[in-house]
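[1] 3D, please:
(chains A and B)
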2 protein chains.
Amino acid sequence: MKQTFDIAPWHVKTTKWSPEDKRLQESMTSLANENLGMRGFFEEGYSADKMEGVYLGGVWFPDKTRVGWWKNGYPKYFGKMINAVNFLKLPITVNGEALDLAKQTPSDFSLDLDMQRGTFTRTFTATVGGAKMRFEFVRFVSAVQKELVGQQVTLTNLSDQAVQLEVTSAIDGDVYNEDANYDEQFWDVLDRQASGQHALLVSKTKPNDFGTPQFTVAMKTTTLTALPHTTDHVADKEVANVFAGELAPQTSLTVEKRTVVATSRDFATEAELLARVDELTTSLADQSFADLLKAHEAEWQARWDKSDVKINGDEGAQQGIRFNLFQLFSTYYGNDYRLNISPKGFTGEKYGGATYWDTEAYCLPVYLGVANPEISRNLLMYRYNQLDGAYINAQEQGLKGALYPMVTFNGIECHNEWEITFEEIHRNGDVAYAIYNYTNYTGDKSYVLHEGAKVLTEISRFWADRVHYSQRANKYMLHGVTGPDEYDNNVNNDWYTNLLCQWTLKYTLEVLAEVDAEVAADLAVTEDEKRHWKSIVDNMYLPYDEERRIFPENDGFMDKDLIPVGEIPSDQLPLNQNWSWDKILRSPYVKQGDVIQGIWDFMDDFTPEEKKRNFDFYEQFTVHESSLSASVYSVIAADIGYEDKAVEMYERSARLDLDNYNNDTADGLHITSMTGSWIDIVQGFAGMRVRDGQLHYAPFLPKKWDSYQFRQQFRGRVIEVTVDKNGAKAELISGEPLTIDLAGEKLELK
Amino acid sequence: MKQTFDIAPWHVKTTKWSPEDKRLQESMTSLANENLGMRGFFEEGYSADKMEGVYLGGVWFPDKTRVGWWKNGYPKYFGKMINAVNFLKLPITVNGEALDLAKQTPSDFSLDLDMQRGTFTRTFTATVGGAKMRFEFVRFVSAVQKELVGQQVTLTNLSDQAVQLEVTSAIDGDVYNEDANYDEQFWDVLDRQASGQHALLVSKTKPNDFGTPQFTVAMKTTTLTALPHTTDHVADKEVANVFAGELAPQTSLTVEKRTVVATSRDFATEAELLARVDELTTSLADQSFADLLKAHEAEWQARWDKSDVKINGDEGAQQGIRFNLFQLFSTYYGNDYRLNISPKGFTGEKYGGATYWDTEAYCLPVYLGVANPEISRNLLMYRYNQLDGAYINAQEQGLKGALYPMVTFNGIECHNEWEITFEEIHRNGDVAYAIYNYTNYTGDKSYVLHEGAKVLTEISRFWADRVHYSQRANKYMLHGVTGPDEYDNNVNNDWYTNLLCQWTLKYTLEVLAEVDAEVAADLAVTEDEKRHWKSIVDNMYLPYDEERRIFPENDGFMDKDLIPVGEIPSDQLPLNQNWSWDKILRSPYVKQGDVIQGIWDFMDDFTPEEKKRNFDFYEQFTVHESSLSASVYSVIAADIGYEDKAVEMYERSARLDLDNYNNDTADGLHITSMTGSWIDIVQGFAGMRVRDGQLHYAPFLPKKWDSYQFRQQFRGRVIEVTVDKNGAKAELISGEPLTIDLAGEKLELK
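    Okay, here's the model as predicted:
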């Protein structure tokens, strides 16, 4: 745990130059706009340890699966979002010496991520080439023009002598992934041009053996500066325009670099792709840096107007929730239904930039509350559009129907640990649950009765084939599964997975009763199938421990050595850094909620006593070594009245990256876990539920806070809820009147 | 299944030229002498598909573990026996055209592995360089001089014109492993010389990151021929002496190549290593090829005198058992206690030439019967000498005591599937059981009361730490294990593993009561430890199904969908080639005996009814997709009077490679499975048991056979047992008189 940045409501800022935190700072100052993004690395170059990363949404490479012992059904490749060509590069020399903070120690240093405006600014003073110079770098990734990245550097000569400046505005195709095997590179450069204000580089991902698309990317830069253009470079993998000249003492100069990036994802031909970068470069030419930035800032303001959460009395919490929403919106704002939310977004290589079940389980609930319903619907469409891949995944396991992947870009499973790929099939239920969640929240049945019915039917066909009948127990069972708690795997009858299987079949039967004749004909669910599904619903085995009156996580769980985690010496935590995998698997320790996850999904289906018993039992074994864990525990704790526990659990997720809680933020941010703080405030502290189409709140105020306030979209309205020491109130900001239930009282909002 | 070779009692021979079976034939005609060996590839070269492989016992390379997701406790490398420098190379040209059977189709072709003599002979006629030529290649790997390989080729000019011959006697260091990642090579050449009759190449394995030894190998060839020496080649990775001249019509010429190979395993310095190859080359110089071959043949004859099994009335079975013993003895004859028996011996790359539990479970029982006890004792010493590695393996899992590895060269685990490495811990019990087996068979307590006591104690310390106490069941349990049946893994309470754990602790306590004071002091087993072990012995949980009165393989087994394998459509077999791993894991199908393996180990501890019930239950689910499976079922079937089943199971393993039963012999032979046929004849058909130090037999004669006869070593005697249609008789071939039990009658043999 380490707090590297100052606490401020709208800023993630530090004035401390700490090269030992370089990677961490790069992660924290990442910017993105769903279509592309990058870590906060230094465009002028930095010759010590760093992790430069530029990523393009939906641009990936299938890395061949290599395992010692092949198992039938293994995916052939692991997809990874590859580090893209570095178009930010902007080396600067002063009197012939390169600016490089690994060599010149800066003073008056600051890094500032402005979350309200969506900008990243760096300022510092350094002596370069014998001259004291001031630098200010500003960067934004446009929230309104998805292809655009703007950079501006202001150079001030603080010395009393003129200096000779050289600024090279480059596009560098010689990039590596840190996670590449054997230092392979993934890009070929197809075209390179550099002349005057402009440089162009066209690159293409290398061919692959798996028939997945190769991506072509065109980047065109425009560099605007009073510094005279002197020359251009066109090298094998790099292009650059060079500007050089004298800067008089005590004067300033700006260099603006804007880049437009287009990829073959959006264009049928390479010619169209190239035309687009030319056209866009031209059309943007009459807007100044300030104009472009202003439009970008206005869009961020509009987002905040819909979704801001205000916390009084705890600036750290205030900063945490805003940082989380800022990074979440940067990663995904639902403009492109082909994209999704990867666990590290555009902030690092880990998890390969792919789509996980995190989207349905943790992100969708937040987008439902903070953004227009179309954004959430696009997340559902993503899965519908990938049904063909899900059929293939099921077939690879010799099973019917659709199996949604654990990790994917195109619908095809591309994770290659068998205990995950083959067994962590609860994800299929989570995709089904998201359809229910969307429908229940928005009241919009247009998806569930059309595309959703198809998705549900094919998932149900998978479940019906995946269960088996135990003659011994006279019950349907699911053997060989891994639940959300990956610290136990290949178990029999994971309670959560069995519950989701049963629920999906039940919900699908309900939906099928509502679809129109055309949809029903297309689905062609036979009466035999329905009877079989009904029989599974009625006879599904769900583990229950009579003695403790709880739901055992799986068949073997209650036989474990049930020592509470509090009795483990603290130097052995986190377990995943200190224990062997063998020891972890056999232990009762829970990585993230499994039974608790199921209770969260079906909160109203359990009595308070049931919830308490299960919470009390599992909480003592849960180590929260998944960043997705604590927020769910917080909601359940709030629900059963454990307010202090709810706040404690909230704090674990709210500032996870700001405080580098798990000591791994250097690798990138925990994007999909960032949803947790919003969920905890709204579902947890405010007790928000949707029951029979009506909003309910049962709020409490964390002891440390003076008040909190959030805005929530609901069925065409924006509602603002404020909770302070005097109680809770709700206000209708926009939309038609509606009735809500606030702390047990019906309230009409107008 | 494909029979490529003719059936003959002492030969594996074919007169059919079938290039489509090239790899299969290479495997089948492998030769080795425990110290080194090679596949039966063509020394003259062959430009179509082949798998050239030369291997040196104990010479290996640690190949870095690469997995997508690291798990704590993973071994850092996978050890592999690497393809060694090819010193057999002997290209031949006739009138300038290279002899290459990929290009010239041979006639009068034969391949002949002579199992009695230990030679591999190839003869054929081919038209090369326009001339009809006859070739006879003879090869042996000396059974008396471990460093020596002899080759001889006789060339006959069948045409009526003189031909221009050129023979190049080479050592080629430019070799690859087929299983290498990214075509890496593993050898650097240190020295190269070639002059006249001699060529020398010294090579060294590349450096590695893991601190395991690099191996230096010196090979020196002597080439003797009437063909004039013309020149020498010294290239980057190859050395050669070239001989060329005319061969008159209708005349013959021989070229003899002998190679001595020494490795740094046997020498402290490189100088000594080089001196050894020089000295040996010189000392062998006065022996002719015939002399060297004669000594080799005499040693093979001595081996057969001690161990031959004669079967009358079934020549296929006769060939099978001899082929199995021949290849087993070639792989290991106990001369070097640092070596062991890898699943493919010197016949292929698969399984990496490393040591598995196969040695203790399947090989030791045969060596006990067919070879001097020192050979078996050396197998036990191998494990004692690797105790330090076993400590490390246990520590890597966070456990006490010693964990013997699943796969190793040096005692350190080097297999990297977690479900095997971390969980298939029954291997530790198999190592313990081998100590009991040796002691019980030989009556020699010198090992068990010294080195063995140490090994048993440290294994017991592991078990005592690995079990946990289930409060719920009031029993000790083993969770998270994989039994011998790898078609189910990460299970709780594998019956076999639990049984071996319990037995090891019990046996160790018995042994500790017998060791002398000095040994006891060294072991330092406390009274607390003993009490704890005793408590585990008394309270170990062993799954039992009350309804079927059988031992369930593990906790979840009886809940599976128990459909007999006979009901699976035959086109879905073998499962491992047709089903996903997911489907296999969830199925009740047994790869190799698990409960049945346990019953084999403790045959006399179960009633005939218990054995029958368990055999009947498991046989219907067992697919025998491990080559180690059928032979154990055969022994149990024989024991419970299922004679036809015993013979059927015997036939699956006896000619496994000769008939290419699993369609994978092209990769190499199933060396450690070859023990099965001997075990089935002796323990199964002849019902041999050792009870209280006395030999018992309960023989039957398979219906198809007229008789069978085997020789068995037992406590200083050689006993010959003959079973024919008139019954069974036993004869003492050498050694002191002893009393045996033959078919229920006491018999004194003199």
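[2] in the stretch 401-550 of chain A, which spans are helices?
    Applying DSSP state H, counting those that start in this stretch to the stretch 401-550 of chain A gives helices spanning A:418-421, A:426-442, A:451-466, A:495-512, A:517-523, A:527-539.
[3] right, and those - which one's nearest chain B?
    Among the helices of the stretch 401-550 of chain A, the nearest to chain B by CB to the nearest CB is helix A:418-421 (5.6 Å). From N, CA and C alone the C-beta is placed, and that goes for glycine too.
[4] need the contact partners of that closest one.
    Residues from elsewhere that reach helix A:418-421 (CB atoms under 8 Å, 6 or more residues apart in numbering or on different chains): A:71, A:73-75, A:406, A:413, A:415, A:482, A:486, A:489-490, B:490, B:581-582.
[5] please redo it, this time with the cut-off set to 6 Å
    A:K71, A:M406, A:E413, A:H415, A:T482, A:N489, A:N490, B:W581 (CB atoms under 6 Å, 6 or more residues apart in numbering or on different chains).
[6] how near is the closest residue in space to A:K237 that isn't next to it in sequence to A:L56?
    For A:K237, ignoring the flanking residues on the chain, the nearest one in space by CB to CB, 6 or more residues apart in numbering or on different chains is A:G173 at 3.9 Å. With distances taken as CB to CB, to the nearest Å, A:G173 is found 13 Å from A:L56.
[7] same check on A:K344?
    15 Å.
[8] A:R23 too?
    21 Å.
[9] over to A:L293?
    From A:L293 to A:L56 the distance is 22 Å (CB to CB).
[10] of these two, who's got more company?
    A:L56 (24 against 19; other CB atoms under 10 Å in any protein chain shown).
[11] correct me, but that one touches A:G37?
    No - counting by CB atoms under 6 Å, A:L56 sits too far from A:G37 to count as a contact (8.4 Å).
[12] enumerate every residue touching A:T223.
    So A:T223 contacts A:S169, A:Q197, A:N241, A:K257 (CB under 6 Å, 6+ apart).
[13] relative to the whole chain's centre, how far out is stretch A:42-55?
    In terms of CA atoms, centre = their mean, to the nearest Å, the centre of stretch A:42-55 is set 22 Å apart from its chain centre.
[14] okay if I get the contacts of A:T223 as CSV plus pLDDT?
    As requested, these are exported to CSV (pLDDT from 0 to 100):
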residue, pLDDT
A:S169, 98
A:Q197, 97
A:N241, 98
A:K257, 98
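[15] considering those, which possesses the most neighbours?
    Highest count within these by other CB under 10 Å belongs to A:S169, 31 neighbours.
[16] which of the helices or strands spans it?
    According to DSSP states H and E, A:S169 maps onto strand A:163-172.
[17] any idea of the angle the helix or strand that that strand is followed by forms with strand A:163-172?
    Downstream of strand A:163-172, the next assigned helix or strand under DSSP H and E is strand A:187-195. Following axes from the mean of the first three to the mean of the last three CA atoms, to 10 degrees, one obtains 140 degrees for the angle between strand A:187-195 and strand A:163-172.
[18] strand A:187-195 packs against which elements?
    On a contact count with 3 or more CB pairs under 6 Å, 6 or more residues apart in numbering or on different chains; DSSP states H and E, strand A:187-195 meets strand A:198-205, strand A:229-234, strand A:238-247.
[19] what's the shortest one packed up against?
    Meaning strand A:229-234. Helices and strands touching strand A:229-234, by 3+ CB pairs under 6 Å, 6+ apart, are strand A:187-195, strand A:238-247.
[20] on that earlier part again, next, the buried residues of the strand holding A:S169.
    Buried residues in strand A:163-172, defined by neighbour count with 16 or more other CB atoms under 10 Å in any protein chain shown: A:V163, A:L165, A:E166, A:V167, A:T168, A:S169, A:A170, A:I171, A:D172.
[21] possible to save those as a markdown table with distance to chain B?
    Below are the buried residues of strand A:163-172 laid out as a markdown table (distance: CB to the nearest CB, whole Å):
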| residue | distance to chain B |
| --- | --- |
| A:V163 | 48 |
| A:L165 | 46 |
| A:E166 | 41 |
| A:V167 | 41 |
| A:T168 | 36 |
| A:S169 | 37 |
| A:A170 | 32 |
| A:I171 | 30 |
| A:D172 | 26 |
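[22] determine which two of these are furthest apart.
    The two members of those with the most space between them (CB to CB) are A:V163 and A:I171, at 26.2 Å.
[23] what about the residue lying closest to A:Y661 once chain neighbours are set aside, how many residues close to it?
    Excluding the flanking residues, the one nearest A:Y661 by CB to CB, 6+ apart is A:M1, at 5.4 Å. Number of residues near A:M1 (other CB under 10 Å) recorded here: 9.
[24] for the one 3 residues further on, same thing?
    A:T4 sits with 18 neighbouring residues when counted by other CB under 10 Å.
[25] which residues of the stretch 201-350 of chain A score low on pLDDT?
    Judged against pLDDT under 70, the stretch 201-350 of chain A has no low-scoring part.
[26] same check on the stretch 551-700 of chain A?
    Using pLDDT under 70, nothing in the stretch 551-700 of chain A is flagged.
[27] near chain B, which residues of it show up?
    A:G556, A:M558, A:D559, A:D561, A:W579, A:S580, A:W581, A:D582, A:K583, A:L585, A:R586 (CB under 6 Å from any CB of the partner chain).
[28] one more pass at 10 Å, please.
    A:554-563, A:572, A:575-588 (CB under 10 Å from any CB of the partner chain).
[29] helix/strand/coil for A:F140?
    strand (DSSP: H, G, I helix; E, B strand; the rest coil).
[30] partner residues bridging it?
    A:G150 (DSSP bridges).
[31] where does the nearest residue to A:R466 once chain neighbours are set aside land on pLDDT?
    Using CB to CB, 6+ apart and skipping residues adjacent in sequence, the residue nearest A:R466 is A:L399, 5.8 Å away. The model reports A:L399 with a pLDDT of 97.
[32] ok now do A:L399, which residues does it touch?
    A:G73, A:N393, A:I425, A:R461, A:F462, A:W463, A:A464, A:D465, A:R466, B:S580, B:D582, B:K583 (CB atoms under 10 Å, 6 or more residues apart in numbering or on different chains).
[33] can you rerun that using 7 Å?
    A:F462, A:D465, A:R466 (CB atoms under 7 Å, 6 or more residues apart in numbering or on different chains).
[34] over to A:E97?
    Contact partners of A:E97, counting by CB under 7 Å, 6+ apart, are A:V128, A:G129.
[35] and the gap between it and chain B?
    38 Å (CB to the nearest CB, to the nearest Å).
[36] gap between that residue and A:F109?
    19 Å.
[37] kindly report the same for A:L325.
    The gap separating A:L325 from A:F109 is 27 Å, by CB to CB.
[38] compare these two (neighbour count), which wins?
    A:L325 (22 against 18).
[39] hang on, that one in a helix?
    Yes - residue state for A:L325 (three-state DSSP) corresponds to a helix.
[40] grab the nearest non-local neighbour of it.
    Using CB to CB, 6+ apart, the closest residue to A:L325 is A:S307 (6.1 Å).
[41] residues in contact with whichever residue of the stretch 301-450 of chain A sits closest to chain B?
    Relative to chain B, the nearest point of the stretch 301-450 of chain A is A:F422 (3.8 Å; CB to the nearest CB). By CB under 7 Å, 6+ apart, the residues touching A:F422 are A:G73, A:Q397, B:S580, B:W581, B:D582.
[42] just those residues now: which is nearest A:F615?
    Looking across those and measuring by CB to CB, the closest to A:F615 is B:D582, at 32.4 Å.
[43] ok, back up a step: ok, the residue nearest to A:Y661 to B:P228 distance?
    81 Å.
[44] measure A:S707 to A:P699 for me?
    Taking CB to CB, one finds A:S707 at 11 Å from A:P699.
[45] near chain B, which residues of the stretch 1-150 of chain A? Just list them.
    Residues of the stretch 1-150 of chain A that fall close to chain B, judged by CB under 7 Å from any CB of the partner chain: A:R66, A:G68, A:W69, A:K71, A:N72, A:G73, A:F78.
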